[in-house]
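J.: Following is a predicted model, sequence given first.
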Amino acid sequence: MRFPLSSVLCIAVALAAAGCTPPPSAPASGAAPGRVAEPDKAPAQDTGQGTVTIAGDDAAEDIQQWTPPRVDRQQRSQAQLRRAAEQAFTRDHLYEDADAAIPLWLAVQEEDPDDRQARAGLQRARQRLLQQADALLARPLQQREALAEASRQALVLLTLAPKDDKVRALQARVETAQRVVAYNRAGEDDLRADRIGEDGDGAIPNFREALALDKDNRRARQGLAAAESGLIRRAEDAARARDFASAGAWLAEASKVRDSSPTIADAFERIEQIRAAILVQLRDGGLQDLTTPQGLKPAREKLAEALRIALPGDAVVAQLRERIDLATHYGSFRPGQVFSDALRDGGRGPQMIVVPHGGFQMGAGDTEPGATDAERPSHYVRFERGFAMAITEVTVSDFERYVKAANARPRATRRGHSVVYDERSGNFIRRSGVDWRSDYDGSRAMGNSPVMHVSVRDAENYAAWLSEQTGRSYRLPSEAEFEYAMRAGNSGRYPWGDAGLPPEGSGNFTGSKDVSPSGRHWHNAFVGYGDGWWGPAPVASFQANPFGLHDMGGNLSEWVADCWHASYRRAPSDGVAWFNPGCRSRVIRGGNWANAPEQTRAAWRQSQDSDTTSARIGFRLVRGI
């Protein structure tokens, strides 16, 4: 509550020249704590009676205009009165009662107005009172008692010498000191009531009024420091309550209280430490949430709270957001992460790599050379979650582990034949005795060769066995997953882009430089390209694509999970397999070592009966993450 500037202490004096006008009166009952109470009686006139009141703990008793005590002469002579006055003066007993020096000298003057000793004594008493009042006003402690005494001395001096400049100056200093004390007291009352005054009504304005009267007043400066501390405390309390907007507002108000206060910088550091500690707490809690099955929602709630209170670019928040994004799209994995699952029999499953989530335009455009209606319409597919895909095609060794562990009899083994390349005729023919253990020409395949001569049912059975062995969900990729992974960010005609020739070392494709064991060449091939292989190469013999996958566009075409549909009309847009239970026509994707260039395009797809086995078809798996 602000101390009213109009409440000025008035000292009424007996002589007309020494009078001053008191402030307008205000009802004492309405005075608020910490304000200077106005007198509620009319100012004295010719009687010389005035009042001084200081409210609160600093108040002294009401001080009336000083009237010299009546001295009882008791038949004492002038000389006896003079001696008594000198003795009282020596004891600094100057005005308090009838035995004090000033009343005694005044009694002497009453009998003899021209008495020199009395006049000189009164002059010395005035000097002594001026000195004492100066000392009292300069006293830093016990201001209430000192100011009350100085006020009484000023009244005495005004009675003795109302026109003396030093006395009038003392009177003004006393009045100022009383106003300063009143402002300080009002400010301290406001502080106790938590009326700090940032809105212009409270402790801060009162202390500033005090400093306007006395710029070096220690009590007022301490009061401003306390007000600043109060605002800082509010800022820190708001920060602890995670209300950093209010914390900043309170700190801004605190910075206005005193110029260049070092405590503001210290408070800012503390508030930032509070912010940092809360953010670390939210991050750690969010990361802990992500370790639980249903923890994504509470982790996102903690991220929202962290984003609300963090400053832009906060690294701790970025870390939590990254982990939530990863958990949203990849579970406990990261894009590009390579892993293999342990098998119950002690072995390891195929190496997998995490394919990043994202979207792509699937299929062929309307003007793409070599495209068919089966590859249209081009449509956008988006994967909201990443998936893991085998880095290579399933190998003969991989498949052999399954056949032995499950006592499996794949389709070609049961049927006793499969389709192989015949070097003598240069054609693909059916040959007996060929199954998953065979190479492209029917000979024995190496363990690191991609397994071929398997049907889509064989591939699905292998995926089911691997899932049972690892406790994870393995399956054939959908068409969309395969094309997305094969393109790996490219949108051109071929898996590598629009260039008409495969980049050197990029894969096992039909090239004009390829030569069969008997010296044959391809009639329809990439002119000028050669990869050194006639038939499938061991897996990972060529460079991986940008997603870290080998042989996606060449080596062997691969089974996918979808049933055959003659076009992409009404195809899923989320990348899941387009499957109709009981369908026999399935899909193969990706070029192979014996495909024409048009069949090596990224959008190329072909229908195959589910029982088909061939030297040009293999598979790989994907795994949920």
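T.: Now that the structure is in, tell me what you want to look at.
J.: Quick one: neighbours of P369, just the number.
T.: 8 (other C-beta atoms under 10 Å). In short, each C-beta sits where N, CA and C put it, glycine included.
J.: Just the element for it, please.
T.: Here P369, judged by DSSP states H and E, is contained in no helix and no strand.
J.: mind checking the SS state of the residue lying farthest from the centre of the chain?
T.: Distance from the centre of the chain peaks at Q75, with 92.0 Å (C-alpha atoms, centre = their mean). Under DSSP: H, G, I helix; E, B strand; the rest coil, the three-state class of Q75 is coil.
J.: Neighbours of D164, how many?
T.: With other C-beta under 10 Å as criterion, D164 counts 16.
J.: Now do the contacts for it.
T.: R126, L157 (C-beta atoms under 8 Å, 6 or more residues apart in numbering).
J.: Let's see the pLDDT reported for it.
T.: As predicted, D164 sits at a pLDDT of 91.
J.: Now the residue farthest from the centre of the chain: phi and psi?
T.: Q75 has phi and psi values of phi 60, psi 20 when expressed as degrees, to the nearest 10.
J.: Pick out the residue closest to the middle of the protein.
T.: Central residue of the chain (C-alpha atoms, centre = their mean): A310, at 1.8 Å.
J.: buried stuff in the worst-scoring helix or strand of the chain on mean pLDDT?
T.: Lowest mean confidence among the helices and strands of the chain (mean pLDDT, DSSP states H and E): helix 143-160, at a mean of 90. Going by neighbour count (16 or more other C-beta atoms under 10 Å), the buried part of helix 143-160 is 143, 146-160.
J.: so where do the helices sit in the stretch 351-500 of the chain?
T.: Assigned by DSSP state H, counting those that start in this stretch, the stretch 351-500 of the chain shows helices spanning 396-406, 411-415, 456-470, 479-487.
J.: would you list these in CSV and tack on mean pLDDT, mean neighbour count and distance to N580?
T.: Compiled in CSV, these are given as follows (pLDDT from 0 to 100; neighbours: other C-beta atoms under 10 Å; distance: least, C-beta to C-beta, whole Å):
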stretch, mean pLDDT, mean neighbour count, distance to N580
helix 396-406, 97, 18, 27
helix 411-415, 98, 18, 21
helix 456-470, 98, 20, 14
helix 479-487, 98, 25, 13
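J.: Now render those helices as CSV, adding distance to R179.
T.: As requested, the helices of the stretch 351-500 of the chain are exported to CSV (distance: least, C-beta to C-beta, whole Å):
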stretch, distance to R179
helix 396-406, 96
helix 411-415, 107
helix 456-470, 87
helix 479-487, 83
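J.: and V338, which of those helices is closest to it?
T.: Closest approach to V338 among the helices of the stretch 351-500 of the chain (C-beta to C-beta): helix 479-487, 14.5 Å.
J.: any idea how far that closest one is from the chain center?
T.: 38 Å (C-alpha atoms, centre = their mean, to the nearest Å).
J.: okay, and for the stretch 51-200 of the chain, where does confidence drop off?
T.: Residues of the stretch 51-200 of the chain that meet the criterion pLDDT under 70 lie in 51-64, 141.
J.: which stretches of it form strands?
T.: With DSSP state E, counting those that start in this stretch as the criterion, the stretch 51-200 of the chain has no strands.
J.: now R126: how far from A118?
T.: 13 Å (C-beta to C-beta, to the nearest Å).
J.: Which one's more surrounded, these two?
T.: Higher neighbour count among R126 and A118: A118, with 24 against 20, using other C-beta under 10 Å.
J.: thought that one was touching I102?
T.: No. The pair A118 / I102 is not scored as a contact, 9.9 Å apart, by C-beta atoms under 8 Å.
J.: shared neighbours, the two?
T.: A85.
J.: Give me the pLDDT for G500.
T.: 94.
J.: which residue ranges form the strands in the stretch 401-550 of the chain?
T.: 417-422, 427-432, 474-475.
J.: Paired strands for the shortest one, with orientation please.
T.: It refers to strand 474-475. Strands adjacent to strand 474-475 in the sheet, as given by DSSP bridges, are strand 622-623 (antiparallel).
J.: how far out from the middle of the chain is the partner strand?
T.: Here strand 622-623 is found 37 Å from its chain centre; the criterion is C-alpha atoms, centre = their mean.
J.: got it, and stretch 171-184?
T.: Put simply, stretch 171-184 sits 50 Å off its chain's centre (C-alpha atoms, centre = their mean).
J.: In CSV, list the C-alpha atoms belonging to it.
T.: Extracted in CSV, the C-alpha atoms of stretch 171-184 (Å, rounded to 0.1, in the frame of the first residue of the first chain):
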residue,chain,number,x,y,z
GLN,A,171,12.8,21.4,11.5
ALA,A,172,12.8,20.6,7.8
ARG,A,173,15.2,17.7,8.4
VAL,A,174,13.1,16.3,11.1
GLU,A,175,10.0,16.5,9.0
THR,A,176,11.8,14.8,6.1
ALA,A,177,13.2,12.1,8.4
GLN,A,178,9.7,11.5,9.8
ARG,A,179,8.3,11.1,6.3
VAL,A,180,11.2,8.8,5.3
VAL,A,181,10.5,6.6,8.4
ALA,A,182,6.8,6.6,7.6
TYR,A,183,7.4,5.6,4.0
ASN,A,184,9.8,2.8,5.1
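J.: Name the residues of it that come out as buried.
T.: In stretch 171-184, counting by 16+ other C-beta under 10 Å, buried: 171, 173-184.
J.: and those as TSV, adding distance to L476?
T.: Formatted as TSV, the buried residues of stretch 171-184 follow (distance: C-beta to C-beta, whole Å):
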residue	distance to L476
Q171	105
R173	100
V174	101
E175	99
T176	95
A177	95
Q178	96
R179	92
V180	90
V181	91
A182	90
Y183	86
N184	85
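J.: and of those residues, the nearest to G532?
T.: Nearest to G532 among these is N184, at 96.7 Å by C-beta to C-beta.
J.: can you tell me which residues contact the closest one?
T.: Neighbour list for N184: D58, N206, F207, A210, N217, R219, A220, G223 [criterion: C-beta under 8 Å, 6+ apart].
J.: neighbours of the closest residue to W534 other than its chain neighbours, just the number please.
T.: The spatially closest residue to W534, leaving aside those adjacent along the chain, is S516, at 4.5 Å (C-beta to C-beta, 6 or more residues apart in numbering). For S516, the neighbour count with other C-beta under 10 Å is 14.
J.: What pLDDT is listed against S516?
T.: 97.
J.: now swap in P33 and tell me
T.: With respect to pLDDT, P33 has a value of 33.
J.: cool, and the one 5 residues further on?
T.: pLDDT, the model's per-residue confidence, is 33 for E38.
J.: Is R258 in contact with A227, as I believe?
T.: No. Contact criterion C-beta under 8 Å: R258 and A227 do not qualify, at 9.1 Å.
J.: These two - which one has more neighbours?
T.: Between R258 and A227, A227 has the larger neighbour count (other C-beta under 10 Å), namely 28 against 15.
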